[in-house]
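A.B. asks: Give me the fold of what follows.
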Amino acid sequence: RMPLAVRVVLLLSYFLIFTLVTAHQVPWSFLFLPDDVVSKWFESDSQRLGILDRLPILFTALCLLASVLILGRTLLRGLRIIPDTKLDLWVLSFSVGMCFTSLYVLLIGLAGGLQVSWLFILPVGLSLIYEIRCFLRSSGLRSLRCGCFAAIVSWRQAWLLIIPGGLILAVAMLPPWEFDVREYHMQVPREWYQNGQIEYLPHNIYSNMPLASELIMIPPMALHGGDDAWWHGALAGKTVMAFYALFAALGVMSIARRIGGNRSGWAAAILLLSCPWIGYISTTGLNEVALGCFITTSILAILCSQKSEAWRHWILLAGILAGGAAATKYTGVVFAVIPLLVWAIWIHREKWNRAALMFTLGAAVIFAPWLIRNAVFTGNPTYPLLNTVFDTPDRSPELLDRWNRGHQVPENDQIQQHARSILFASSRQSPLLM
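C.D. replies: This is a model prediction of the structure:
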């Protein structure tokens with residue numbers, strides 16, 4: 001075993017190298033200029049300080065989050081899933097709730113009902129009535145009081161999640177500034193809501209990508225009403241998307257606890273949530289953290305299936321969550337559906353055909369409607385990808401060439417640069433992860 005003194009020297013040496021990199025010198029210098037940092041937040045103008053105007057957005061986002069959790073809990077009951085811990089219950093309720101909320105909004109949108117507000121209230125109301133009924137049949141108020149914080153019992157470590165989580169939530173409530181978010185992550189749900197339906201948008205090719213995580217913006221648009229409903233709803237939905245980081249951290253905590261105990265769980269959650277890259281993606285409205293959250297919870301479901309008699313239900317849930325990853329981004333097929341399907345089959349290889357069937361069924365329920373939508377609208381289920389495989393009439397050779405040139409790997413791209421960026425050079429990398 002490496003001596004403690006050697007480990008300390010190596011750790012301090014890495015931090016020194018990390019700190020001396022140009023990309024990290026500016027953040028460290030802010031520690032000595034706190035007044036300058038605060039003034040930059042408000043462009044050196046105290047009149048621009050506004051907190052109360054964020055409260056309606058925060059309130060809407062929390063109501064939306066509560067609705068998702070209630071729906072998710074009801075769906076877990078319907079799938080006959082009984083999580084082992086309260087932590088698993090919260091994490092899986094959020095993930096499966098987001099999966100089916102996006103699926104419901106997609107189906108409502110294809111039917112032309114995006115501006116019919118009661119369609120979004122009905123499922124939440126029914127779910128709430130059902131959960132209250134189940135609650136009254138159980139041990140009552142005492143179980144609620146004891147169970148609410150059973151997942152996080154050590155407040156000595158919890159503040160290490162609360163601080164970065166609070167910062168992410170605060171920044172997520174701000175208007176978008178990232179190009180992709182302004183162009184399609186938030187723009188496409190806005191146009192669909194204003195048109196009253198999910199339809200083909202020929203002027204925005206990215207509207208044909210799977211956008212499951214972004215559909216959470218549409219219910220608050222429909223419920224808010226008025227000329228600025230799209231703006232209020234988009235910000236509330238963007239704020240809810242920031243919670244993917246928190247629940248991904250809690251999902252990683254649950255997985256790590258199974259491997260290395262309680263301390264490992266806390267360490268894993270803190271490392272994830274404190275990573276600058278996670279904070280950036282979560283606050284801008286991009287969907288990569290949502291993809292990671294669904295992959296994490298799908299892995300968690302497969303792990304839960306190993307020691308459960310109802311393993312088929314857990315594999316079905318794992319497939320649903322992997323389908324949620326694919327419905328978030330096409331890359332979810334490569335990083336979630338295919339590898340997790342293989343893993344599920346390997347774990348339950350004695351009954352591999354049933355495992356494959358349940359996992360595929362779950363993934364298809366969530367992801368297939370996006371493929372069918374594209375097939376109907378464009379003739380290509382994976383539009384705008386695989387144009388050489390599927391006949392796509394509106395994609396001329398010139399447009400295909402432009403797409404390929406715009407999305408190809410740069411000629412000067414080198415693996416050494418990426419390795420250097422991952423190890424210490426990126427301004428959004430966390431030294432704690434190394």
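A.B. asks: mind listing the helices in the stretch 151-300 of the chain by residue range?
C.D. replies: 155-172, 179-180, 187-195, 218-224, 229-241, 243-260, 262-273, 276-284, 288-305 (DSSP state H, counting those that start in this stretch).
A.B. asks: So which of these is nearest residue 80?
C.D. replies: In terms of C-beta to C-beta, the element of those nearest to residue 80 is helix 288-305, at 12.7 Å. Every residue, glycine included, has its C-beta placed from N, CA and C.
A.B. asks: just the angle between that closest one and helix 276-284, please?
C.D. replies: If you take axes from the mean of the first three to the mean of the last three C-alpha atoms, to 10 degrees, helix 288-305 sits at 110 degrees to helix 276-284.
A.B. asks: quick one on the thing from earlier: columns distance to residue 389, mean neighbour count and mean pLDDT on top of the helices of the stretch 151-300 of the chain, output as JSON lines?
C.D. replies: Listed next are these as JSON lines, based on distance: least, C-beta to C-beta, whole Å; neighbours: other C-beta atoms under 10 Å; pLDDT from 0 to 100:
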{"stretch": "helix 155-172", "distance to residue 389": "38", "mean neighbour count": "16", "mean pLDDT": "85"}
{"stretch": "helix 179-180", "distance to residue 389": "26", "mean neighbour count": "12", "mean pLDDT": "92"}
{"stretch": "helix 187-195", "distance to residue 389": "25", "mean neighbour count": "20", "mean pLDDT": "95"}
{"stretch": "helix 218-224", "distance to residue 389": "31", "mean neighbour count": "23", "mean pLDDT": "94"}
{"stretch": "helix 229-241", "distance to residue 389": "32", "mean neighbour count": "24", "mean pLDDT": "94"}
{"stretch": "helix 243-260", "distance to residue 389": "32", "mean neighbour count": "23", "mean pLDDT": "94"}
{"stretch": "helix 262-273", "distance to residue 389": "37", "mean neighbour count": "19", "mean pLDDT": "90"}
{"stretch": "helix 276-284", "distance to residue 389": "31", "mean neighbour count": "21", "mean pLDDT": "90"}
{"stretch": "helix 288-305", "distance to residue 389": "24", "mean neighbour count": "26", "mean pLDDT": "96"}
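A.B. asks: Minimum distance to residue 57: which of those helices has it?
C.D. replies: Per C-beta to C-beta, nearest to residue 57 of those: helix 229-241, 4.9 Å.
A.B. asks: now the angle between helix 187-195 and that closest one, please.
C.D. replies: Using the same axes, to 10 degrees: helix 229-241 against helix 187-195 is 140 degrees.
A.B. asks: So which residues make contact with helix 229-241?
C.D. replies: 56-58, 60-61, 64-65, 68, 169, 172-173, 175-176, 181, 186, 189-190, 193-194, 213-214, 216-224, 282, 285, 287, 289-290 (C-beta atoms under 8 Å, 6 or more residues apart in numbering).
A.B. asks: I'd like the C-alpha coordinates of that helix written as PDB, please.
C.D. replies: Output of helix 229-241 as PDB, limited to C-alpha atoms (Å, rounded to 0.1, in the frame of the first residue of the first chain):
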ATOM      1  CA  ALA A 229     -47.000  32.200 -21.100                       C
ATOM      2  CA  TRP A 230     -44.300  30.800 -23.300                       C
ATOM      3  CA  TRP A 231     -41.600  32.900 -21.500                       C
ATOM      4  CA  HIS A 232     -42.700  32.000 -18.000                       C
ATOM      5  CA  GLY A 233     -43.200  28.400 -18.900                       C
ATOM      6  CA  ALA A 234     -39.900  28.100 -20.600                       C
ATOM      7  CA  LEU A 235     -38.000  29.500 -17.600                       C
ATOM      8  CA  ALA A 236     -40.000  27.300 -15.200                       C
ATOM      9  CA  GLY A 237     -39.200  24.200 -17.300                       C
ATOM     10  CA  LYS A 238     -35.600  25.200 -17.600                       C
ATOM     11  CA  THR A 239     -35.500  25.400 -13.800                       C
ATOM     12  CA  VAL A 240     -37.000  21.900 -13.500                       C
ATOM     13  CA  MET A 241     -34.400  20.500 -15.900                       C
END
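A.B. asks: burial measure for the nearest residue to residue 341 once chain neighbours are set aside, as a count.
C.D. replies: Closest residue in space to residue 341, ignoring its immediate chain neighbours: residue 359 at 5.2 Å, by C-beta to C-beta, 6 or more residues apart in numbering. Around residue 359 there are 31 other residues, counting by other C-beta atoms under 10 Å.
A.B. asks: What is the helix or strand harbouring residue 359 packed up against?
C.D. replies: Using DSSP states H and E, residue 359 maps to helix 352-378. Judged by 3 or more C-beta pairs under 8 Å, 6 or more residues apart in numbering; DSSP states H and E, the packing partners of helix 352-378 are helix 86-110, helix 311-328, helix 338-347.
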